[in-house]
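>>> Prediction below, plus the sequence it came from.
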Amino acid sequence: MNGERAVWQGLKKTRQRERVYEILTQAHHPMSVSDIYQEILRQDGCCGYAVSTVYRVLQAFEAKELVSRTTLPGTDTSVYEWNEGTHCHYAICLKCHKRIPLRECPIRQMDLQDEGETFQITGHKVEVYGYCSGCVEKKQ
């Protein structure tokens, strides 16, 4: 597959990187380092390397802009999502950290001008915080 071949340009292809790549490209939601490691253990039974290895793989992927990283609000936990060349915005529950994809991008490509200064947007990320319906029901 051409897309997969492009992933490895400039990166050494290792067993650990291949597993993290497989997990992230099959995921339906962003995953933390721990989530990825646990998924590898669930699928493989054991993996023969530490959680820190998954973290280093993700750092290498992030440096090549192959993944996007977001920090969950109110925590130090980062979640990672494979960068497929498109973008997605999320509503994030402050209680359970559920991430709900927004159907449409709330920001259109535009040029901003203020006092003669021009700013052309080349990318963006939108996160909306609140409570999912399950957490709202639990509060009542």
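All right, it came through fine. Residues are numbered from 1 along each chain as shown.
>>> got the buried residues for stretch 71-91?
72, 78-82, 89-91 (16 or more other C-beta atoms under 10 Å). Backbone N, C-alpha and C define where each C-beta goes, glycine included.
>>> Of those, which pair is most distant in space?
Using C-beta to C-beta, the two most remote members of the buried residues of stretch 71-91 are W82 and A91, lying 20.3 Å apart.
>>> which stretches of this protein have low pLDDT?
In the predicted model of the chain, residues 1-6, 85-86, 108-114, 120-123, 139-140 satisfy pLDDT under 70.
>>> before we move on, back to that, let me have the buried residues of stretch 71-91 in TSV, extended by distance to C135 and secondary structure.
Compiled in TSV, these are given as follows (distance: C-beta to C-beta, whole Å; DSSP: H, G, I helix; E, B strand; the rest coil):
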residue	distance to C135	secondary structure
L72	14	coil
S78	22	strand
V79	18	strand
Y80	24	strand
E81	22	strand
W82	27	strand
H89	20	coil
Y90	15	strand
A91	12	strand
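>>> I figured T70 hits T77, correct?
No - judged on C-beta atoms under 8 Å, T70 makes no contact with T77 at a distance of 9.6 Å.
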